[in-house]
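Participant: for reference, the sequence and a predicted model appear below.
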Amino acid sequence: MAERTPLWAVFVLPALLVAVALVMAGLDAVLAAGARNGRPGSLREAAVRATGPGREVLRQLVQQPRRTRASDVPLARIGAGLLPVAAVLAAVVLPLGFRSVSDLPEGIVWFNAMEALAWAAVWLAGWGPNSALSLIGGYRFLAQGLAYELPHMLAITTAALGAESLRVGEVVDAQAGLWFAVWMPAAFGIYLLSAMAMAFWGPFDQPVGHDVAGGAASELSGADRVLFLGGRWLLLVVAAAFSVPLFLGGGHGPLLPGWLWTVLKTAAVLAFLVWARRRVPTLRMDRYLELTWVVLTPLAIVQALVVAVVVLNR
Amino acid sequence: MNVAVFWTLAVLAVVSGVMVFRFDSMARATFSLLASLLCVGGLVVLLGLDYLGIVIVLMMTIEMAIMAVFMVMYMMNPAGLMPMTMMHNKKGAAVVCGLVFLLLAAGILFAPWPARRGKAPADPTMDLGMSLMGPQMLTMMTLGMALFATIVATVVLATRRGRYDRLGDDLRARRADDPVRGGVGR
Amino acid sequence: MSLELFLLLAGALFCVGLFGALTQQSIVMLMMGLELMLGGVILGAGAVWHYVAPAAADGQVLIVLAVTAMALEMAVGFAVVTALFRSREVDMTDMAAELKE
């Protein structure tokens, strides 16, 4: 059971998430440059590239923002701002080691609800600028949401079922012996897929795809753009980090302290997701929708059934 | 603290509820309704029903995001760039609603409400689950059947194509003739 | 905070929703009014659970029922609008009423 967390954790949490997101964005920039040039390049070059995202943020903040005609500025602002807020709110139940900012009794449902706010956020950011391409991006994310949400909900429910609790702390405690990823592989795989889809990352980047000139983010500039794309990174970090308490045993591990295990496991999952982005082509959502509804949802239900039978006979 | 939260959420809920019907832009109206319903979810949490409150937040967010699509699809003036009104029978409705509210308020204020019986369980979520899977099983099963019937009914209503369009008149086509090919290659 | 305050708020939401449902011409906007009415019902059920009978789960079951009703109403509503629009190019209640004549 997690003990009470001091109040300062509320302020440390967003800072920590932003730091992790910046490091990961740097890693992604290095990988992107390596893929472009066909060779890794020297260490010095890599270091310069790794600070690229940070410099880009500063550039956007001092740059003159541009506006589209007849845009709905308040809605676009709300959309862009809601994305990082949703990510940080979802992170409230994330345990670092065995402590989270607030270990709510319904933590898993809370995470799901906050992550669903991204649906509204991306659509609003796409609608606000009064531009066809960005609206297409917003619609694509809704289609994507319909595709990933069903098996995603079943997957996280399966983890809760295995621990017989919706409290994230108890889900971690239930994995002191065997990780859930070992005996719920289908749920874990589905969760990783939907973690990418949730942050429109990798094969699911159609909402901000190149074919629609950046999609939902195409008309955002200045602070709005920093918030939106930064919020996307935060969402990716939070979604990846949540797989650790759900399926990878949280802070449990030999020798090292709990918080270090959490950080190591999160870094491993994140590194995998960043790597996978360059290995898998972009999926069209109408294709993926049929796959999720016809294959993944029944698979997730069978997985939940197996777990339920095991739990009943324990 | 709780009282301040209550009044904030209450005022927000009613104001954004009214704004739903005053905004010209459909996107704003939809998300104003979302704000109102999120406040309802917050108030339900305030009443001690954490699980149901969070579920309301989850469901309403997804529902309103989908709703926005249909709003833009079926409204003449979705962005509200040209101010126009789409109301009928305003006066009569105002009278009816005023009367209903007065009636409700009179009932609320003058009814002899019973005193509080019993104490809230330590874990209302567990209580709800036990109830739905025990004494209220029939309710739960009815809900399940209603949901299933809705899925069937909505698909029947909304789609124009049946299986003969997909698989040919004798249903023998090897590959379904869909406007968009699905992901599992059928 | 008291039972009366919560119920008055629920009543206010219900009546705002009723006004919307009665006045709006567009079927989609009409459904938004219905949603708001059901929001009032949810709040009322929660308040009665908390202040009158917290030991029984019936209030909670009522909320589950109302939330499901909201989802069903939305789904069927949009399906009907889609069907109407596809066959008659109609998306307003007044025009749907004229179809009878």
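Facilitator: In hand now; what should we look at?
Participant: the top helix by length along chain B vs chain C: in contact?
Facilitator: Secondary structure of chain B read by DSSP state H shows that its longest helix is helix B:50-74. Yes - where contact is defined by CB under 8 Å from any CB of the partner chain, part of helix B:50-74 touches chain C, namely B:52, B:55-56, B:59, B:63, B:66-67, B:70-71, B:74. C-beta coordinates here come from the backbone N, C-alpha and C atoms, glycine included.
Participant: just stretch B:89-109 next, same as before
Facilitator: Yes - using CB under 8 Å from any CB, we find that stretch B:89-109 touches chain C at B:89-90, B:92-94, B:96-98, B:100-101, B:104-105, B:108-109.
Participant: contact partners of that stretch?
Facilitator: The contact list for stretch B:89-109, computed with CB atoms under 8 Å, 6 or more residues apart in numbering or on different chains, reads C:4, C:7-8, C:11-12, C:14-16, C:18-19, C:22-23.
Participant: near chain A too, which of the residues of helix B:50-74 next to chain C?
Facilitator: Of the residues in those, proximity to chain A by CB under 8 Å from any CB holds for B:55, B:66.
Participant: between the residues of helix B:50-74 next to chain C, which is closest to A:Thr282?
Facilitator: B:Ile66 (23.6 Å; CB to CB).
Participant: grab the nearest non-local neighbour of that closest one.
Facilitator: A:Leu142 (6.8 Å; CB to CB, 6 or more residues apart in numbering or on different chains).
Participant: secondary structure element holding that neighbour?
Facilitator: Element membership for A:Leu142, per DSSP states H and E: helix A:132-163.
Participant: helices or strands up against that helix?
Facilitator: Using 3 or more CB pairs under 8 Å, 6 or more residues apart in numbering or on different chains; DSSP states H and E as the contact criterion, the elements in contact with helix A:132-163 are helix A:107-127, helix A:168-173, helix A:180-183, helix A:185-198, helix A:223-247, helix A:285-291, helix A:297-312, helix B:50-74.
Participant: how far off centre is the fourth one?
Facilitator: Its chain's C-alpha centre lies 11 Å from the corresponding centre of helix A:185-198 when counted by CA atoms, centre = their mean, to the nearest Å.
Participant: which residues does it contact?
Facilitator: Taking contacts as CB under 8 Å, 6+ apart, the residues outside helix A:185-198 that touch it are A:115, A:118, A:144, A:147-149, A:151-152, A:154-156, A:158-159, A:180-181, A:202-204, A:235-236, A:239-240, A:242-243, A:246-247, A:269, A:272-273, A:276, A:296, A:299-300, A:302-304, A:307.
Participant: of these, which count as buried by neighbour count?
Facilitator: Buried subset of those (neighbour count, 16 or more other CB atoms under 10 Å in any protein chain shown): A:115, A:118, A:144, A:147-149, A:151-152, A:154-156, A:158-159, A:180-181, A:202-204, A:235-236, A:239-240, A:242-243, A:246-247, A:269, A:273, A:296, A:299-300, A:303-304, A:307.
Participant: for the residue nearest to C:Glu73 when sequence neighbours are not counted, what are its contacts?
Facilitator: The spatial neighbour of C:Glu73 that comes closest, neighbours along the chain excluded (CB to CB, 6+ apart), is C:Leu34 at 5.8 Å. With contacts taken as CB under 8 Å, 6+ apart, C:Leu34 has the following neighbours: C:17, C:21, C:73, C:77.
Participant: and C:Leu34, what helix or strand is that in?
Facilitator: Assigning secondary structure by DSSP H and E places C:Leu34 in helix C:27-51.
Participant: how much does that helix deviate in direction from helix B:50-74?
Facilitator: Taking axes from the mean of the first three to the mean of the last three CA atoms, to 10 degrees, one finds that helix C:27-51 is oriented at 170 degrees with respect to helix B:50-74.
Participant: ok, then the element right after helix C:27-51?
Facilitator: Downstream of helix C:27-51, the first helix or strand assigned by DSSP H and E is helix C:58-88.
Participant: quick check, the residue in chain A closest to chain C?
Facilitator: Distances from chain A to chain C, computed as CB to the nearest CB, single out A:Leu146 as the nearest residue at 12.7 Å.
Participant: surely that residue touches A:Tyr288?
Facilitator: No - if you go by CB atoms under 8 Å, A:Leu146 and A:Tyr288 don't touch, sitting 10.3 Å apart.
Participant: follow-up on the earlier one: for the residue of chain A closest to chain C, which non-adjacent residue is spatially closest?
Facilitator: Leaving out its chain neighbours, A:Leu146 is closest to A:Leu289 (CB to CB, 6+ apart), at 6.8 Å.
Participant: distance of the one you found from B:Arg161?
Facilitator: The span separating A:Leu289 from B:Arg161 equals 17 Å under the rule CB to CB, to the nearest Å.
Participant: any idea how many residues pack against the residue nearest to A:Leu146?
Facilitator: For A:Leu289, the neighbour count with other CB atoms under 10 Å in any protein chain shown is 20.
Participant: so who does A:Gln144 touch?
Facilitator: Each residue near A:Gln144 by CB under 8 Å, 6+ apart is listed here: A:197, A:200, A:204, A:206-207, A:285, A:288.
Participant: and the helix-or-strand element of chain B with minimal mean pLDDT, how far out from the chain middle?
Facilitator: The weakest-scoring helix or strand in chain B, judged by mean pLDDT, DSSP states H and E, is helix B:163-167 (a mean of 78). On the basis of CA atoms, centre = their mean, helix B:163-167 sits 34 Å off its chain's mean C-alpha point.
Participant: quick check, it touching chain C?
Facilitator: No - shown here: helix B:163-167 not in contact with chain C (CB under 8 Å from any CB), separated by at least 14.4 Å.
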